[in-house]
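In: starting from these lines, generate the structure:
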Amino acid sequence: MADRISLLRRRMQELNLSAFVISSLTHLRYLFGFSGSNGLGVITEEHQWLITDRRYREQVKHEVHHAEVHIIQQDLFEPIKKRKLFSKGMRVGFEALHLNFRDFSRLQKAFPDVRLAATEYVIEKLTISRLPEEIEHTRRACELARRVWETILPVIRPGMTELDLSAEISYHSKKLGSERDAFEPIVASGWRSALPHGIASRKTIEYGELVVIDFGCVYEGFCSDVTRTVMIGQPSEEQRRMYEAVKEANRRAIAAAKANIPGAELDRVARDYLKEQGYDKAFGHSLGHGLGLDVHSLPRISPVSKDRIPADSIITIEPGVYLPEIGGVRIEDDILVHNDGAEVLTDIDRELIIIE
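Out: Numbering: from 1, shown residues only. Model prediction:
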């Protein structure tokens, strides 16, 4: 945690910030180890504070070791005012994408003589290249996902609902050691499999349908994110062709991934192949995204991305094809980017699984 705070202080100097206010709960965990649901962080040149309420008085004793902890009754900004941590004319950065309007108004009212500076992606950019322990945590989250997949695969059958399968995923994830679902599991069958983010519904899974299953586990706060598509009964020629095209697009993109490749170029590897197969209009989302404490983080891997993929970053590769009349296929893997290639962390078979 101390190394992460040092990195943030260096970035604050570059941005000419005397202090930085952290409101994202994800970033509070990243910088301080705090996993509660209410808190505020403050970093100055000399101090690092974690402010939270009485519910977490005992919890912070176990989680927070590199910051001064302040327990409040109501107002998270009260300790800053009492200790006069912000002086007149200070330039104080805040997370524009995470500080809600109510708390921004409180901050503005509490410190009228401070120069508030809206920032975006300051901490997100610091987290792109992973420290060794962070990589190991993501490995463990990916291993949990593999074990969950092996556990739920025998459970999948025609006649069960998408919600049944989603519940099995969440249950076995926690039984196997995941802190929580990394996100609400996606289970989409038949016509709904053509919905890229088809959250599980009451629909019954039936013969002749593709089923897209997208889920993730969490270990020490770090997420995995994996998608596989199965077939209930024998696939039609078009369903099999869709599947093979997506599988090859996934393979090509993973093979092309390496440090410093532009995100748009990596996206193009998969997108151009799917276009060759006649599916250019059937792939409507980005190829992937960064993966860490947040399931969706930097760098971006999309046609319009301006990001480059640095060494030691962890990203997803998730091409898909979605045809409303036939269904959808997506195959997603998590990879660790090296200088000369990439390592697949989600060691799960990509061949089409047919469930009779």
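In: first-to-last residue distance for stretch 85-96?
Out: In stretch 85-96, first residue to last residue: 21 Å (C-alpha to C-alpha, to the nearest Å).
In: pull out the buried positions in that stretch.
Out: Neighbour-count burial for stretch 85-96, counted by 16 or more other C-beta atoms under 10 Å, picks out 85-86, 90-95. Backbone N, C-alpha and C define where each C-beta goes, glycine included.
In: how about the helices in the protein?
Out: 2-14, 25-32, 59-63, 78-82, 101-110, 122-126, 132-152, 162-175, 237-256, 263-276 (DSSP state H).
In: which among the buried residues of stretch 85-96 gets closest to F101?
Out: Distance ranking of the buried residues of stretch 85-96 against F101, using C-beta to C-beta, places F94 first at 12.0 Å.
In: which residues does that closest one bridge with?
Out: F94 forms beta bridges with V21, A118, as assigned by DSSP bridges.
In: my guess is it contacts L107, does it?
Out: Yes: contact criterion C-beta atoms under 8 Å: F94 and L107 qualify, at 6.7 Å.
In: anything in contact with each of those two?
Out: 21, 116 (C-beta atoms under 8 Å, 6 or more residues apart in numbering).
In: nearest residue to N260 in space, ignoring adjacent ones along the chain?
Out: R308 (5.4 Å; C-beta to C-beta, 6 or more residues apart in numbering).
In: for D214, what are its contacts?
Out: D214 is in contact with 185-187, 225-227, 330, 332, counting by C-beta under 8 Å, 6+ apart.
In: neighbour-wise, which one of those leads?
Out: V187 (29 neighbours; other C-beta atoms under 10 Å).
In: beta partners of it?
Out: When bridges are called by DSSP bridges, V187 pairs up with I213.
In: per-residue pLDDT of it, please?
Out: pLDDT recorded at V187 is 98.
In: same deal with L131?
Out: pLDDT, read off for L131, is 88.
In: still on that earlier bit, from the helices of the chain, which stretch is densest packed?
Out: Across the helices of the chain, averaging neighbours per residue (mean count of other C-beta atoms under 10 Å) puts helix 25-32 on top, at a mean of 23.
In: can you give me the strands for the stretch 201-350 of the chain?
Out: 210-215, 218-219, 222-223, 226-232, 261-262, 288-290, 297-301, 308-309, 314-317, 320-323, 327-330, 333-338, 341-344 (DSSP state E, counting those that start in this stretch).
In: what ranges of the stretch 251-356 of the chain fall below the confidence cut-off?
Out: Applying pLDDT under 70 to the stretch 251-356 of the chain flags no residue at all.
In: got a markdown table for the strands of the stretch 201-350 of the chain, with distance to V114 too?
Out: Output for those, formatted as a markdown table (distance: least, C-beta to C-beta, whole Å):
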| stretch | distance to V114 |
| --- | --- |
| strand 210-215 | 43 |
| strand 218-219 | 36 |
| strand 222-223 | 34 |
| strand 226-232 | 44 |
| strand 261-262 | 38 |
| strand 288-290 | 32 |
| strand 297-301 | 28 |
| strand 308-309 | 35 |
| strand 314-317 | 37 |
| strand 320-323 | 47 |
| strand 327-330 | 47 |
| strand 333-338 | 39 |
| strand 341-344 | 44 |
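In: got a list of what the nearest residue to E63 once chain neighbours are set aside touches?
Out: Closest residue in space to E63, ignoring its immediate chain neighbours: G33 at 4.6 Å, by C-beta to C-beta, 6+ apart. If you count contacts by C-beta under 8 Å, 6+ apart, G33 has them with 1, 63-66.
In: recalculate using a threshold of 10 Å.
Out: 1, 4, 50, 60, 62-67, 220-221 (C-beta atoms under 10 Å, 6 or more residues apart in numbering).
In: grab the nearest non-local neighbour of the residue of the chain positioned farthest from its centre.
Out: Centroid-distance maximum for the chain: K88 at 38.0 Å, with C-alpha atoms, centre = their mean. Counting by C-beta to C-beta, 6+ apart, D113 is the residue found nearest to K88 once chain neighbours are left out, at 4.1 Å.
In: any idea how far the residue nearest the centre of the chain is from L50?
Out: What sits nearest the mean C-alpha location of the chain, by C-alpha atoms, centre = their mean, is V295, with 1.0 Å. Distance of V295 to L50, computed by C-beta to C-beta, to the nearest Å: 24 Å.
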